[in-house]
Structures are given as structure tokens and as C-alpha cells.
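Participant: predicted structure and sequence below. I'll ask about it afterward.
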Amino acid sequence: MAPLSKVFSWLVVAGLVVFSSPAWSVADMLVRGYQAGSDGYDPRYDRFANSSEFIGDGLDFSGVGQDASGHWATMISSHFFVTAAHYSANGTITCYDTNSLAGGSQQYTILGGTVIHVDGATYSTDIYVGVISGSGASTYYSILDSSLLTAGTSLLVYGKPNRLGTNTISSVETIQLTSGASVVAETMSFIYDYPQTGVDGEAQLEPGDSGGPSFVQVGSDLVLVGTHSGNDTSSYPYLSADAALSYYVADINAAMSSLASLYGVGAGEQVSVVTPEPSSLVLLGVGLIGWFAIRRKRVA
């Protein structure tokens, strides 16, 4: 696969390595049409507004958490989570039971984890698998089969601070994450865009979103499709990129087995992959976090 000629910046908030603009800070995920009320929330897009207007009302986000520094973790089994390798969670994850901050929460202690590296590949991916202690989480997510990870698939995009937006996959590509002239990661990813004009609800990743999840909705269930890796806001349409987890299921399962042996928890746990009928996918209406550069490669 020959690299495309376009090279663009990814906001990767890990390591504070400056590639592009020297002025950055963690920001809330951009959602078109967002309007905060007097309580600081937009009830349509803020999970903890705890409103029936929330676009994710009735869906279970209790398997999504953050550590004390705001790094993301999304549970894929009772004891294992995924996030971005360049912005991985550590310490303790807090997951809220409901869409109300007063509704209770669960804290999980992270024991360790590993970056996914495919056998024979030159570079590691931007996918990190972590393991937690104790009895584990009660909520975790299956991963969508790669056969349905195609242009036009509708997404629910979860980002800072606990905000939900929508978008649509525009392409599936191999992304190279670079620091200066050096490639530091290469990951099969899906891209979604944010044009200069569009419809309310469209999401665009911002610094601090790396490692957060994107889902598809299947009936009343959430199915995980990716973890956020980065963006390009150099010109319209802005672009966001997620690691396409379904391409790495075998490697994720192998990592889970190794971590289970190392830490003595989660033995036998593996990722569940689902292949729903395309008609059961809910249509949602719209079609890095450090400073690095990205090279894009089209899927052959």
C-alpha cells in the first residue's frame, strides 16, 4: 500500500511532544450545535445532564470510565479494557452506573497492560489492553465484526468531558503515527469527517479524547467499534480517526490471555465479536492525543 501524499497533524496528548502548534490544552469534544444551558450542560449531548433529551438516553455507558487524569478506558470483558496506546489509563478507573453523577459509581484498580503489536509488523499499533483487579466490571462491550466496518456506518462518538455526538464512517485506512521523521505506530483505522457546515450532533475529536470509544447502536445495545486516536483540523473537512478494533481481535485476545497469566485475574476471558444484520444497526442521521503527524494509507 503506497502512502497518500497528504501528511497531517494529529493532536496526541501523550508525552507533551510538540509537533505542531505550541499552544494546546485538553478540550471538550466538539459537537455541532452544542448549546450549554444555565447548568453548563446541553441536555441533548451531555451524558450527565441526566435528561430524556440525551441522544444516548436508554443506552448503558457504565462500561466507559476515566482515570484521575482523564485518560479513557472502555471495558471489553470483566477484567480487561482498551484505550489508546499513546494516552493509556493508569491508577484507578471510575465508571458511573447511570447518566446521573449522583447515581453511584464503580472504581477499578489497574494492574497493568500491554500495547498491541502484530506479529511480523514493523510498528506497534495505537491500541492498549489493560487489566483490572478484583471481581471485575459487570458492564462491558462486544466488538463489531469488521465486515460491517464500512463507509456509511453510523457512529456514536463518546468524548470529553462525558459528551456524546454522532458521525458516519467515511473510509477505512491504515494510519501511521509519526514523531518527526520516525513512525511510532501503525493502525488500521476508520475516518470520520466534520465539514464546515453540517447537521447538529456531528462530533469532532479534540485534545484529550484519545482512547475514548466510538460505538454503533444495535437495537438498544451498544457495540464497540473503535478507540479514538487523533484528528486533523488543518482545513475543512476536519478529520477524526479511531483504531478499528475488529481488525485486531486475535491480537487483543492473545494479550488478554498473557495478562491473565501474569496478574492472575481474568483467566479465560476473551472478546465477544458480533455480526448483527445490517438492518439492525440504528441510523443516527449524519453521515492524539500529543502532537504527532499522520501518514494515511488506503486499504488495498
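Facilitator: Sure thing, it's come through.
Participant: what about the residue sitting nearest the centre point of the chain, helix or strand, and which?
Facilitator: Nearest residue to the geometric centre of the chain (C-alpha atoms, centre = their mean): residue 227, 2.3 Å. Assessed by DSSP states H and E, residue 227 sits inside strand 221-232.
Participant: just want the angle from the very next helix or strand once past that strand to strand 221-232.
Facilitator: For strand 221-232, the following helix or strand on the C-terminal side (DSSP H and E) is strand 238-244. For strand 238-244 and strand 221-232, the angle between their directions (axes from the mean of the first three to the mean of the last three C-alpha atoms, to 10 degrees) works out to 130 degrees.
Participant: in contact with the residue nearest to the centre of the chain, which residues?
Facilitator: 72, 74, 82-84, 126-127, 210-214, 242-243, 245 (C-beta atoms under 8 Å, 6 or more residues apart in numbering). From N, CA and C alone the C-beta is placed, and that goes for glycine too.
Participant: all strands of the stretch 201-300 of the chain, in order?
Facilitator: All strands of the stretch 201-300 of the chain, identified by DSSP state E, counting those that start in this stretch, fall at 203-204, 213-218, 221-232, 238-244, 273-274, 290-298.
Participant: so what does the lengthiest strand in the chain touch, helix or strand wise?
Facilitator: Secondary structure assigned by DSSP state E gives strand 163-179 as the longest strand of the chain. Applying 3 or more C-beta pairs under 8 Å, 6 or more residues apart in numbering; DSSP states H and E, we find strand 163-179 packed against strand 3-12, strand 30-31, strand 154-159, strand 182-194, strand 203-204, strand 221-232, strand 238-244, strand 290-298.
Participant: and those strands, which one is worst for confidence?
Facilitator: When the helices and strands packed on strand 163-179 are ranked by mean pLDDT, strand 3-12 comes last with a mean of 35.
Participant: let me see the mean pLDDT of the host helix or strand of residue 107.
Facilitator: In this assignment (DSSP H and E), residue 107 forms part of strand 105-115. Predicted confidence along strand 105-115 averages 98 (mean pLDDT).
Participant: and after that strand, which helix or strand comes next?
Facilitator: strand 127-132.
Participant: who does that next one pair up with?
Facilitator: Here strand 127-132 is paired, per DSSP bridges, with strand 80-84 (antiparallel), strand 105-115 (antiparallel).
Participant: just those strands: most buried one?
Facilitator: The highest mean neighbour count among the strands paired with strand 127-132, using mean count of other C-beta atoms under 10 Å, belongs to strand 80-84: a mean of 30.
Participant: shaky segments in the stretch 51-200 of the chain?
Facilitator: Residues of the stretch 51-200 of the chain meeting the criterion pLDDT under 70: 178-180.
Participant: thinking again about what came up before, closest one to residue 118 among the strands of the stretch 201-300 of the chain?
Facilitator: If you check each of the strands of the stretch 201-300 of the chain against residue 118 by C-beta to C-beta, strand 238-244 wins as the nearest, at 12.3 Å.
Participant: same for that closest one, what does it pack against?
Facilitator: Packed next to strand 238-244, using 3+ C-beta pairs under 8 Å, 6+ apart, are strand 163-179, strand 182-194, strand 203-204, strand 221-232.
Participant: put the alpha carbons of it into CSV.
Facilitator: Extracted in CSV, the C-alpha atoms of strand 238-244 (Å, rounded to 0.1, in the frame of the first residue of the first chain):
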residue,chain,number,x,y,z
TYR,A,238,-11.8,18.3,9.7
LEU,A,239,-11.0,14.6,10.2
SER,A,240,-11.1,12.3,13.2
ALA,A,241,-9.5,8.8,13.3
ASP,A,242,-10.3,5.8,15.5
ALA,A,243,-8.3,2.5,15.8
ALA,A,244,-10.5,-0.2,14.1
